Structure formats: C-alpha cells, structure tokens
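Engineer: Below: sequence and its predicted model.
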Amino acid sequence: MATESRPAPGVTIRERNVAEQKGAPVLTTSARSRPVSPAAVEADTVQVWPHLVVIEFLGAVVFTINLILLSTLVNSPLEELANGDVTPNPSKAPWYFLNLQELLLHMNSALAGVIVPTVALIGLAAIPYFDKGTRGLGVWFYNERGRRITAFSMIYTTVVLGFLIGFDVPQGRLKDALSTSLKKGGFLEGVPGMFSFLGDVPTATGILVEGIAGWIIPTVIMIAFMILLVVILKRMFKGLTTSELVIGLFSAFVATFVVLTFVGTFMRGGGMTLYMPWDPRAAGVVGH
C-alpha cells in the first residue's frame, strides 16, 4: 500500500504547498526524506558546472544583447563638456545614493550618511537571527496574511514619509525656529556657565540647535514611527508571528528606499528645492 507523505508538525498542508510551489525549502522531521547514501546525495545535488554556469552565461549574453540594442536605438542626451569651475545646480549623487542625499536635507550629515545606513544594514543582516521559524523559508508572502501585512506596511511608510518630507519644507525651518527661540528667550544668557564649555553664545546656540534639530528630533521620529508600525501590526493581525513582523519591517524598509529615491530623483530641483514631479523645475530645466 502506498503511503502518503505528511508535513512536519506545525507546518500546515497549505503553507507547505505554497512554499514548495515557490521553491522554498520546508524543514521536516522525517528521516525518510534525508539522503542516506552517496548515490542519494549525488542525485539530490545540482552541480555548479554545467548547470549553474550555463544559466549565468546565457543570462549575461541576453543582458549584453539588450544593452547593445538599447544603446543603438536610444540616443542618450549629452550636455556640454564638464567645467570644473561651474557646479551643476542641483548637484546630485548617483540614483542609488539619492535616498541618502534626501536624508541629508532633514538631519545631521553623520546621522543620515553613516549611522542610519549602518543600522539598516545591520538590521537586514540580523534578520536570520531573529526569524528562526522553519515555515516558508525564503518566501516573502509565505502565508495568507503576508500580502496584507506588506501592503499595509508600504502604504503606512509612504504616507508617513510624505508627511514628514512635506512638513520639513522649506529646508531648515525647524533649525531656524529653534535658533530664534533660543535667542529671543535669552535661554543661553539666562543660564550663565552651564553652556560655557560650548564656547560663546552664538557657537553654543549653533551646537544646541544642531544637536536638537539634527540629531535628537530625527532619531526620536524614526524610532517612534517604527514602534507605532509594530504596535499597529500587532493590533491589526492578531497572533502576529516573528516572521510576519519581519515581513512588515522589511516591507517598510523597501518602501523607504523607493520613496526617498523617487523624491530625490524626480522632486528636487535647483538648490534641492522640493517641487512636484510634473514641474519642470524639479528636473532643473528651469533655474531656481
């Protein structure tokens, strides 16, 4: 009599089927599924040569052909020769760094250019150490709620970022307001000696404004909205697992990358002023 294979305990039939259809491994506890001999191991192995190398070579050939056709059929617009004495306005980084350049407009340069990217990369590398589940390995939407969690996290992140970017227009408004408040209120003059280690009053004012507006407020805002996302996900999706929480946070990271890159590419004109994407000034066509 033929025996029916069953999934491991804790793995539903539907989740196993979804994972298998998408090519994700499903860990089982059945010893019968493990190779027990060198021949079985050999049969269960995909060799690098010729299988993987041939596929990668064909992919490189197809990519090269498409690149040649694209460069032949589409003329890239050329500007005048580069002039080292004239800096273009705006001077933008390569597209994959425009998200960081956008962050530079809203917080301290060290925080935006070093600390935030480093923390983000460490968080991505730490995912396997937090998400130790055995279900749906390597599958973004491995269960029924995965798509809804991703959709909500991306919409939430897009709305929050849009609000924060729009609120910080014109650039530096918060710093100007803090500096004016400190000067008008006589805060530094009223507390003699407390900020003497920062230098004179103008120097102390600049350091305090940069510390508050460039470091403290952006850090608090980023942490607060991240915690708020986690709280909302736990309330919306009862019994939220660690894997589902990772899906939500990773989706928020992807949305952040896309939104900041889009804004930096299509909505920053002369002087890095914010314009709507359809406004020609956003592309620097009309001088600021």
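Structural biologist: Perfect, thanks for sending it.

Engineer: Check the secondary structure at residue 118 for me.
Structural biologist: helix (DSSP: H, G, I helix; E, B strand; the rest coil).

Engineer: Residue 243 touches residue 135, doesn't it?
Structural biologist: Yes - using CB atoms under 8 Å as the test, residue 243 is close enough to residue 135 to be in contact (7.1 Å). The C-beta positions use only the backbone N, C-alpha and C, and glycine is treated the same way.

Engineer: anything in contact with each of these two?
Structural biologist: Shared contacts of residue 243 and residue 135, defined by CB atoms under 8 Å, 6 or more residues apart in numbering, comprise residue 142.

Engineer: From the chain's centroid, how far away is the helix or strand where residue 229 lies?
Structural biologist: Here residue 229 sits within helix 217-236, counting by DSSP states H and E. Averaging C-alpha positions (CA atoms, centre = their mean, to the nearest Å) puts helix 217-236 15 Å from its chain's average.

Engineer: Please apply the same query to stretch 88-97.
Structural biologist: 18 Å.

Engineer: Report the buried residues of that stretch.
Structural biologist: residue 90 (16 or more other CB atoms under 10 Å).

Engineer: measure that stretch end to end?
Structural biologist: End-to-end distance of stretch 88-97 (CA to CA, to the nearest Å): 17 Å.

Engineer: begin at 419 from here
Structural biologist: Renumbered: residue one is now 419, and that last one reads stretch 506-515.

Engineer: Report the mean confidence score over it.
Structural biologist: Mean pLDDT, computed over stretch 506-515, is 86.

Engineer: Do you have the helices of the protein handy? List them.
Structural biologist: 431-439, 456-461, 471-491, 516-522, 527-528, 534-543, 545-548, 564-585, 591-603, 605-608, 619-627, 635-654, 660-684 (DSSP state H).

Engineer: Could the C-alpha coordinates of the helix holding residue 647 be exported in CSV?
Structural biologist: Output of helix 635-654 as CSV, limited to C-alpha atoms (Å, rounded to 0.1, in the frame of the first residue of the first chain):
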residue,chain,number,x,y,z
ILE,A,635,14.3,65.1,16.9
PRO,A,636,15.1,62.9,13.7
THR,A,637,16.1,60.0,15.9
VAL,A,638,13.0,60.2,18.1
ILE,A,639,10.8,60.5,15.0
MET,A,640,12.3,57.5,13.3
ILE,A,641,12.1,55.3,16.4
ALA,A,642,8.6,56.5,17.3
PHE,A,643,7.1,55.7,13.8
MET,A,644,8.8,52.3,13.7
ILE,A,645,7.4,51.4,17.1
LEU,A,646,4.0,52.7,16.0
LEU,A,647,4.1,50.4,12.9
VAL,A,648,4.9,47.4,15.1
VAL,A,649,2.0,48.3,17.5
ILE,A,650,-0.5,48.7,14.7
LEU,A,651,0.5,45.5,13.0
LYS,A,652,0.1,43.6,16.3
ARG,A,653,-3.4,45.1,16.7
MET,A,654,-4.5,44.5,13.2
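
Engineer: That one - contacts with which helices or strands?
Structural biologist: Secondary-structure packing of helix 635-654 (3 or more CB pairs under 8 Å, 6 or more residues apart in numbering; DSSP states H and E): helix 564-585, helix 660-684.

Engineer: what's the burial count for residue 470?
Structural biologist: 11 (other CB atoms under 10 Å).

Engineer: and it, how far is that from residue 482?
Structural biologist: The spacing between residue 470 and residue 482, counted by CB to CB, to the nearest Å, is 19 Å.

Engineer: got the contact list for residue 525?
Structural biologist: Residue 525 neighbours (CB under 8 Å, 6+ apart): 632-633, 636.

Engineer: Just the buried residues out of those residues, in ChimeraX syntax.
Structural biologist: Command for ChimeraX that selects the buried part of these, burial taken from 16+ other CB under 10 Å:
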select :632,636
